[in-house]
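Novice: Just need the structure, nothing else, for what follows:
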Amino acid sequence: MANEFVGLPAAFMSIGANGAVSSLWPASDGPTLFLMARLMRELHSGTPPARAQRCSALAVQQTGTQLAEVLRSLRLPQEAMRRSL
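Specialist: Residues are numbered from 1 along each chain as shown. Next up, the predicted model:
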């Protein structure tokens, strides 16, 4: 097991989970939210896991500009609140 990622996903699988999704590196919350939402939609529709992950990653990549705009709009109220303090 020296070459495998050990952590929460391994713990879930050791107690019987069929699979787990995790990242081996830090991931920003915004893009990850969109990726995971798309991944869950793909999986629930019956898409095989590897294909669902690829479709999800491509969808997030293709909508990068829209995603950036949404994330900027989500930050604006927080920045405005900080300025008013």
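Novice: only C-alpha atoms for contact and neighbour calcs from this point on.
Specialist: Noted.
Novice: count of residues packed around residue 27?
Specialist: 10 (other CA atoms under 10 Å).
Novice: separation between it and residue 15?
Specialist: Separation of residue 27 from residue 15 (CA to CA, to the nearest Å): 26 Å.
Novice: which parts of stretch 12-21 are buried?
Specialist: Using 16 or more other CA atoms under 10 Å as the test for burial, stretch 12-21 gives no buried residues.
Novice: typo on my end, stretch 26-42
Specialist: Quick answer for stretch 26-42 (16+ other CA under 10 Å): 31, 34, 35, 36, 38, 39, 40, 42.
Novice: what residue ranges in this structure score low on pLDDT?
Specialist: 1-5, 67, 71, 75-85 (pLDDT under 70).
Novice: how about a cut-off of 80?
Specialist: Scanning the chain for pLDDT under 80 picks out 1-6, 23-25, 27-30, 64-85.
Novice: Now do the most centrally placed residue in it against residue 21, distance only.
Specialist: A centroid search over the chain (CA atoms, centre = their mean) returns residue 32, at 2.8 Å, as the residue closest to the centre. Using CA to CA, one obtains 12 Å as the distance from residue 32 to residue 21.
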